[in-house]
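Trainee: after the sequence you'll find the predicted model.
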Number of protein chains: 2
Amino acid sequence: MAKDIQEITDENLRQFVGYNMKRSFLTVREDMARTLEPFGLRMTSFSALAIIVENPNISQSRLAEALHIERSNVVVLVDELESADLISRNRVEGDRRQYALRATTHGAAFWAEAEAAVLAHEARLFSGLSKTELKTLVKFLRSVGSG
Amino acid sequence: MAKDIQEITDENLRQFVGYNMKRSFLTVREDMARTLEPFGLRMTSFSALAIIVENPNISQSRLAEALHIERSNVVVLVDELESADLISRNRVEGDRRQYALRATTHGAAFWAEAEAAVLAHEARLFSGLSKTELKTLVKFLRSVGSG
DNA sequence: TATTGTTATACTCTATAACTATA
DNA sequence: TATAGTTATAGAGTATAACAATA
């Protein structure tokens, strides 16, 4: 008796660009999580650290906008990074409501390490594409929704 | 007194292809959710219906594999689609453990409608890219992780 | 023993609402 | 009145573990 292996196909979904984006993004995210785990970072905390390093004295509200998440969720995020001594909450003269977030010396160095790890992770993951093709991919991705 | 608008940048993150993928995927997902809402479908139920239409008599376990989710979550998903009379659970002769999932007549027609709506949504969202560019984008996306 | 479907549960991510302290 | 930060809570989405029926 022949083993009836019915091959499952997903052509109905593959016709959609969004489905292909989802599949490949999930692949990237999975590998990314593995890459960041040794650093004790999740994708969002990595992103937050990146933004703070690049924009010293940013407030939590502005950070929320940059990350496209709610202010309320930034609180926990900043708590984490502060506990790990990667960033500090500093008072702002002239406005006692907000904090000025800054990376600590350790945080800046730590960021550089994580950055290098993620670059290595991407080099591995996108090794099927040339430098030029990667630039094209990013250009195409950035055009989404600007119709 | 000049209003000190400090422009927030994200170059640290933009250098990563994964970040660009995430941003554009989130844009697509948001628009996709709006497109499917009138149909009473979420992205996952839409995908499940797509797979079942394309692969009649697929089992729940095989569906779980195709969707890259756990069998346990497929149960609820299939419950939903069955309640909406879009698919049916049918017994398999020779193996009373599994179900053979099939789209109902209504389900098949409903799928065609949803498919058309999503195609229109994608045409709008990716209007910044030509047909050729879209093919290239998909090709690049599918190459991810195959290094 | 292994597989299919099932239930219950937990964890992550994110959003909403209401509060406080400042402005 | 409006803004910054905070707390509590709720809703998705998904994963894990244990189980009954069947192979």
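Mentor: Okay, I see it. Every value quoted in this text rests on a predicted model; they were computed, and no experiment measured them.

Trainee: what sits against A:I8?
Mentor: Under the criterion of Cβ atoms under 8 Å, 6 or more residues apart in numbering or on different chains, the neighbours of A:I8 are B:51, B:55, B:58, B:62, B:65-66. C-beta here means a position set from N, CA and C on the backbone, and glycine is covered the same way.

Trainee: ignore what I typed, I meant A:S146.
Mentor: Listed by Cβ under 8 Å, 6+ apart, the contact set of A:S146 reads B:G128.

Trainee: checking A:H121 next. Helix, strand or coil?
Mentor: Three-state assignment for A:H121 (DSSP: H, G, I helix; E, B strand; the rest coil): helix.

Trainee: likewise for A:Q98?
Mentor: strand.

Trainee: quick one on the thing from earlier: out of the contacts of A:I8, which sit inside strands?
Mentor: Per DSSP state E, strands hold no members of the contacts of A:I8.

Trainee: as CSV, the residues you listed with neighbour count, distance to B:A114 and pLDDT would be great.
Mentor: Output for those, formatted as CSV (neighbours: other Cβ atoms under 10 Å in any protein chain shown; distance: Cβ to Cβ, whole Å; pLDDT from 0 to 100):
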residue, neighbour count, distance to B:A114, pLDDT
B:I51, 21, 13, 98
B:N55, 22, 17, 98
B:I58, 23, 18, 98
B:R62, 18, 22, 98
B:E65, 14, 23, 98
B:A66, 21, 18, 97
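
Trainee: so A:R124, which of the three states?
Mentor: helix.

Trainee: for chain A, which segments count as helices?
Mentor: For chain A, applying DSSP state H gives helices covering A:11-14, A:17-36, A:43-54, A:60-67, A:71-83, A:105-125, A:131-142.

Trainee: among the ones you listed, which comes closest to A:V92?
Mentor: Closest approach to A:V92 among these (Cβ to Cβ): helix A:60-67, 11.4 Å.

Trainee: that closest one close to DNA strand D?
Mentor: Yes. Helix A:60-67 is in contact with DNA strand D by Cβ under 7 Å from any atom of the strand, via A:60-62.

Trainee: okay if I get the residues you listed as TSV plus distance to A:L134?
Mentor: Shown next, in TSV, are those (distance: Cβ to Cβ, whole Å):
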residue	distance to A:L134
A:Q60	33
A:S61	33
A:R62	30
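
Trainee: circling back to that earlier point, return the most buried member of the helices of chain A.
Mentor: Of the helices of chain A, the one with the most neighbours on average (mean count of other Cβ atoms under 10 Å in any protein chain shown) is helix A:43-54, at a mean of 22.

Trainee: and the contacts of A:I8 as JSON lines, adding distance to DNA strand C?
Mentor: What follows is the contacts of A:I8, written out as JSON lines (distance: Cβ to the nearest atom of the strand, whole Å):
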{"residue": "B:I51", "distance to DNA strand C": "13"}
{"residue": "B:N55", "distance to DNA strand C": "13"}
{"residue": "B:I58", "distance to DNA strand C": "8"}
{"residue": "B:R62", "distance to DNA strand C": "7"}
{"residue": "B:E65", "distance to DNA strand C": "9"}
{"residue": "B:A66", "distance to DNA strand C": "12"}
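
Trainee: farthest pair within the residues you listed?
Mentor: Within the contacts of A:I8, B:N55 and B:E65 form the most distant pair, 11.1 Å apart (Cβ to Cβ).

Trainee: DNA strand D contacts on chain A?
Mentor: Of all the residues in chain A, those lying near DNA strand D are A:59-62, A:71-72, A:74-76, A:78, A:89, A:95, A:97-99, going by Cβ under 7 Å from any atom of the strand.

Trainee: gap between A:V75 and chain B?
Mentor: 18 Å (Cβ to the nearest Cβ, to the nearest Å).

Trainee: test my guess that that residue contacts A:Q60.
Mentor: Yes. In this structure, A:V75 is within contact of A:Q60 by Cβ atoms under 8 Å, at 7.0 Å.
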